[in-house]
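A.B. asks: can you look at this prediction? I've put the sequence above it.
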Amino acid sequence: MTDYDPALPIVYVEDGPVQVALYKLKLNWFLDVVGAWLLHREAKRQIAKTKPWIVHFTSPISPSVPHFPLTGAPIVIGPLNGNLLHPPALLYRESKSKLLGAKLLRPTQWLSRLLFRGKHKARIFISGGERTVKALELGGCKRSQMVFTLDSGVDAELREAPRLTHEGANWRFVLAGRLGRYKGCDLVIRALKAVPQAHLDVIGDGAERANLEALAHSEGVADRVHFLGFMPGGSILFEKLRSYRAFVFPTLAEANGIVIQEAMMMGLPVVSVNWGGPAELLDGSTAILIEPESENAIVQGLSVAMTKLATQPDVAEALSHAARTKAEIEGYDWPSLLRNWISLYDDVLAERGEPRRFGAWRKGAAQADMDQAGKA
């Protein structure tokens, strides 16, 4: 296999009454165990039927979900990502279930170490940094099994399109994503009060929308906050995003950051909190990062960042260029990411003394891609 084939057969593992009951009772860990067993059972059937060169579990992504041992082919698991709470100064915003889950992480991982040993002989792809590594180590995995990678790619259309450039003043900002409290949209709305010229478009929907609309009214900024609802991804959305000065994303518990990868590839400057997935992707040369010292500190940092980017296009342009260059060099688009994964499949086979059977990507080609991106 050297290319993605959309005609590949898909076998679905359907939810049954047990999963429905566990979901309603919010017994998430037990639900994960049942789901992992059903995936394992179906994988055994497919191994017996197809005799694959390698088996790659891309789901579930949590490092604390158990896997069962499989034979018949080398196993790859991941990318795995998780083990993330709100920043320490903002833990009071965290849900009780997440706080309970964090307290139970160590005992559940020790239980997995004893009962569920499917990860122990697998090659594991990691995208969540040290926090994910530590969770896996609690479950009995070794660092030598782990390879760091992105957990998702972005549409190749974004890499093929010209980078967004920035000239003159632009007071239009955007936030996109499911509207949960951890996304921090309320912090951006509060920040608008100190930036009277700024307008914010909110793309997405979710449980917090009504509360956010009420907050915009109480803060006196409702005429400058526009809730656009859900918009499907693709060309129309990408073209709309090109009209903004920056993507404002003060999420407080984001394990990954696909929307940030998209913004970076577009050349849309990012303003984010220096925590979790965004902190893994961004630095001071590619974004404006705000330390999560308190809600007020984040609100103030957002207002300062929006004013700076709106009035200083040279700053926006520098961030845009640096972010796009990094996204190209590190291969944020899906074709580059999949070529990278395929090369890792070959490495897994070589480690087991088997011939390299995929052979679609080599380090020389990767270096050529990086050199070309650096010239762009």
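C.D. replies: That came through, no problem. Everything quoted here is computed from the prediction, not taken from an experiment.

A.B. asks: the closest residue to residue 221 other than its chain neighbours: neighbour count?
C.D. replies: Here the nearest residue to residue 221 in space, its sequence neighbours aside, is residue 192; by C-beta to C-beta, 6 or more residues apart in numbering that works out to 4.4 Å. Using the backbone N, CA and C atoms, a C-beta is placed for each residue, glycine as well. Around residue 192 sit 25 other residues, with neighbours defined as other C-beta atoms under 10 Å.

A.B. asks: need the pLDDT of residue 368.
C.D. replies: According to the predicted model, the pLDDT of residue 368 comes to 41.

A.B. asks: wait, I meant residue 357
C.D. replies: 75.

A.B. asks: related to what we said a few turns ago, tell me who's in contact with the residue nearest to residue 221.
C.D. replies: The contact partners of residue 192, by C-beta atoms under 8 Å, 6 or more residues apart in numbering, come to 198, 200, 219, 221, 224-225, 303.

A.B. asks: how close does it get to residue 251?
C.D. replies: 17 Å (C-beta to C-beta, to the nearest Å).

A.B. asks: next: residue 320.
C.D. replies: 21 Å.

A.B. asks: circling back: the contacts of residue 192: which two are farthest apart?
C.D. replies: Farthest pair in the contacts of residue 192 (C-beta to C-beta) is 225 and 303. Separation: 14.2 Å.

A.B. asks: these two - which one has more neighbours?
C.D. replies: Each of residue 225 and residue 303 has its neighbours counted (other C-beta under 10 Å); residue 225 has more, 22 against 18.

A.B. asks: if I pick the residue nearest to the more buried one when sequence neighbours are not counted, what's in contact with it?
C.D. replies: Once flanking residues are discounted, residue 225 sits nearest to residue 216: 4.3 Å by C-beta to C-beta, 6+ apart. Residues near residue 216 by C-beta under 8 Å, 6+ apart: 189, 222, 225.

A.B. asks: and residue 162, how many neighbours?
C.D. replies: 10.

A.B. asks: same check, this time on residue 11
C.D. replies: Residue 11 has 9 nearby residues by other C-beta under 10 Å.

A.B. asks: contact partners for it?
C.D. replies: 42, 46.

A.B. asks: assumed residue 226 was part of a strand.
C.D. replies: Yes - per DSSP: H, G, I helix; E, B strand; the rest coil, residue 226 lies within a strand segment.

A.B. asks: what does the pLDDT read for it?
C.D. replies: The per-residue pLDDT of residue 226 was computed as 97.

A.B. asks: my guess is it contacts residue 199. True?
C.D. replies: Yes - contact between residue 226 and residue 199 holds when scored by C-beta atoms under 8 Å: they sit 7.0 Å apart.

A.B. asks: element containing residue 32, please.
C.D. replies: Secondary structure assigned from DSSP states H and E places residue 32 in helix 28-50.

A.B. asks: the next helix or strand after that helix pairs with which strands, parallel or anti?
C.D. replies: Moving toward the C-terminus from helix 28-50, the next helix or strand (DSSP H and E) is strand 55-57. For strand 55-57, the paired strands and their directions (DSSP bridges) are strand 75-80 (parallel).
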